[in-house]
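Peer 1: Predicted model follows, preceded by the sequence.
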Amino acid sequence: MSLVSGMHIGRYELGRKLGEGGFGVVFQARDSSLDREVALKFLHPEHTANAEILRRFLQEARSAAKIAHPGIVTVFECGQVSGTGTASDGVAYIAMEMLHGESLSDRLTRAGRLTPNAAIEITRQVASALEAAHTAGIIHRDLKPDNIYLCRDPAMPSGERVKVLDFGIAKLAQSATSGVATRTQVVMGTPPYMSPEQCRSAAQIDPRSDIYTLGCILFELVCGRPPFDGEAGELIAKHQMVPPPTARSIISDLPIPLNDLIGAMLAKPPGDRPQTMGAVQRALGEHGGMGPTSASSWSQVGTPASGTPVVAALHEQATIIAGQSRTTLGGAAGQSMTHMRGKSRTPLIVAAVAVVAIGVGATWFATRGKETTEPNVAAAPQTQSPIAPPVTPAAPVPAPPSVTTIKLEIEATPKAEVWAFDGRLLGTTPYSTTRAPDEGQVVFVLKAAGYQDQRVEIPADQSTLRKIELVALVKPTAPITKPTARPVSAKPAKPVGSPPPPAATLKPGDIVID
């Protein structure tokens, strides 16, 4: 069955196509029964006969429908219609509310980064929506700026309401009755925003994973970039092993409590993070929107929801909004996740260390041990992948070893730009970075207007704080000279009178005039 504008599917009349991915397509449509505009998302007919793909497609609707919250996109219904009565000709669909506004990803593309107050308000609304999801036993697992939508709403103090989208790979915490087998080797998500435990195994995921992901997003909102960048394997390793930079190392005037909250949300051990989305909301609302500053205090706030691990659902990651096409496209192997603003963060398949593109709409899908890549999500016998040969059970891939890092910090008076010795601008003071202890000496150059450039050499053998006072440039001064007196023309003096000639020259009868 081909889907075209003007076609009637059940009670829906299709309007314009809003976007299309490898697994589905989204149309603007009108519900003729209720006379309302909806977004109608279809699974491509060729995939409908595959029970596993169909289950995963409909899981998005069921996950969202379980959550009663204004910050979660509303799903009206889901179902399946058939043109000829055969399953292969059927079309599965999800009817959801049409949103008007822009994605958070698009907002960041325009603005670069947000003010602390704007970032706090958006994060607070997202945390509220996810608290409702967690209460319903659902962990999102693929939160990112592309899946957060900013809708115009005059009733909100900020004028905007945040909507959380795409629960297609959400984990159902109450999986005992879901009939879904557990596969603990499967890892899914979008690498710039994946929690350390999400990078390791689906079996370890609980609501605190979404808290780490929201911390990555809050970091990006105030800093203009995620905490880590790099290619796929680098990102997965960094989330597990590398301490994130502090937000204040990038934005030096960021309020300290907000900086500390972000750091707590990005803690590697889940127990060191805020334990619930409610705790995150309270922290954002306290003390000018910041909350406690001690990372250790977060582990005492709230109790995480628990659940049984379930299989991660491979989902198209394409929520299409009015006026926007947010279809996620598949990427090439080894694609860098650096500077991805302005396009969707591409989900890919990762098998062992290799990254394999599986086409439009695929989700990050990492396997370890004897797991092999799947060219699609059909339930089929496993075969050896030509990209990543399976590892025998006798030699499972161990967890990445812990890496000791050291922290290098620079403070300068006055505030200065910090440049790498190779000419790259790294940030401004106060500046901090982490390095492996075997990297040797690190050289920086500090630059400030009106001051001499200062070369700073720091041995990378232990954590160091270097305080530098820059030397002002000496302005050349002109030589001081005494002004030359202006010559004044002297008038000849009026003769007072000629002295009388010597007496010897006077003669009788000479007259002397005085």
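Peer 2: Received it, and whenever you're ready, just let me know what you need.

Peer 1: contacts, neighbours, all on C-alpha from now
Peer 2: Noted.

Peer 1: Can you name the helix or strand that residue 22 falls in?
Peer 2: Assigned by DSSP states H and E, residue 22 belongs to no helix or strand.

Peer 1: got it, and residue 410?
Peer 2: Assigned by DSSP H and E, residue 410 falls in strand 406-413.

Peer 1: Helix, strand or coil: sort out residue 279 for me.
Peer 2: Classification of residue 279 using DSSP: H, G, I helix; E, B strand; the rest coil returns helix.

Peer 1: Any stretches of the stretch 1-150 of the chain with poor pLDDT?
Peer 2: 1, 82-89 (pLDDT under 70).

Peer 1: Now do the closest residue to residue 127 other than its chain neighbours, the pLDDT please.
Peer 2: Nearest residue to residue 127, sequence neighbours excluded (Cα to Cα, 6 or more residues apart in numbering): residue 277, at 5.3 Å. Note on residue 277: pLDDT of 96.

Peer 1: which residues does residue 277 contact?
Peer 2: Contacts for residue 277 were tallied using Cα atoms under 8 Å, 6 or more residues apart in numbering; they are 127-128, 130-131, 211.

Peer 1: List the contacts of residue 25.
Peer 2: Per Cα under 8 Å, 6+ apart, neighbours of residue 25: 17-19, 41-44.

Peer 1: Swap in 7 Å and give it another go.
Peer 2: 19, 41-44 (Cα atoms under 7 Å, 6 or more residues apart in numbering).

Peer 1: Nearest to residue 444 among these?
Peer 2: Taking Cα to Cα as the measure, residue 444 lies nearest residue 19 of those, at 47.2 Å.

Peer 1: Can I get the contacts of residue 277 in CSV including distance to residue 109, neighbour count and secondary structure?
Peer 2: Compiled in CSV, these are given as follows (distance: Cα to Cα, whole Å; neighbours: other Cα atoms under 10 Å; DSSP: H, G, I helix; E, B strand; the rest coil):
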residue, distance to residue 109, neighbour count, secondary structure
127, 22, 24, helix
128, 25, 20, helix
130, 24, 28, helix
131, 27, 24, helix
211, 23, 27, helix
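
Peer 1: Greatest separation within those residues: which pair is it?
Peer 2: 128 and 211 (11.6 Å).

Peer 1: so can I have a markdown table of the contacts of residue 277 showing distance to residue 222?
Peer 2: Putting those into a markdown table (distance: Cα to Cα, whole Å) gives the following:
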| residue | distance to residue 222 |
| --- | --- |
| 127 | 17 |
| 128 | 19 |
| 130 | 20 |
| 131 | 22 |
| 211 | 17 |
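
Peer 1: now, which of these sits nearest residue 71?
Peer 2: Nearest to residue 71 among the contacts of residue 277, with distances taken as Cα to Cα, is residue 128, at 7.5 Å.

Peer 1: and the gap between the closest one and residue 193?
Peer 2: Per Cα to Cα, to the nearest Å, residue 128 is found 19 Å from residue 193.

Peer 1: quick one: what helix or strand has the residue lying closest to residue 68 once chain neighbours are set aside in it?
Peer 2: Nearest residue to residue 68 in three dimensions, chain neighbours excluded: residue 132, at 7.2 Å (Cα to Cα, 6+ apart). Taking DSSP H and E as the definition, residue 132 sits inside helix 116-135.

Peer 1: and the next element down the chain from that helix?
Peer 2: With secondary structure assigned by DSSP H and E, helix 116-135 is succeeded by strand 138-139.

Peer 1: Give me the contact list for stretch 58-75.
Peer 2: Against stretch 58-75 from outside (Cα under 7 Å, 6+ apart): 78, 94-97, 129, 132-133, 136, 138, 162-168.

Peer 1: pull the CA atoms of that stretch into CSV?
Peer 2: Provided in CSV are the C-alpha atoms of stretch 58-75 (Å, rounded to 0.1, in the frame of the first residue of the first chain):
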residue,chain,number,x,y,z
LEU,A,58,3.9,0.2,18.7
GLN,A,59,6.0,0.3,21.9
GLU,A,60,6.5,4.0,21.4
ALA,A,61,2.7,4.6,21.5
ARG,A,62,2.1,2.4,24.5
SER,A,63,5.0,3.9,26.5
ALA,A,64,3.8,7.5,25.9
ALA,A,65,0.2,6.6,26.5
LYS,A,66,1.0,5.2,30.0
ILE,A,67,2.2,8.7,31.1
ALA,A,68,-0.3,11.3,32.0
HIS,A,69,1.6,14.6,31.9
PRO,A,70,1.3,17.8,29.8
GLY,A,71,5.1,17.6,29.1
ILE,A,72,4.7,14.2,27.3
VAL,A,73,3.5,14.2,23.7
THR,A,74,-0.1,13.0,23.6
VAL,A,75,-0.8,9.7,21.8
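
Peer 1: What residues sit buried inside it?
Peer 2: Burial within stretch 58-75, assessed by neighbour count using 16 or more other Cα atoms under 10 Å, is assigned to 58-65, 67, 69, 71-75.
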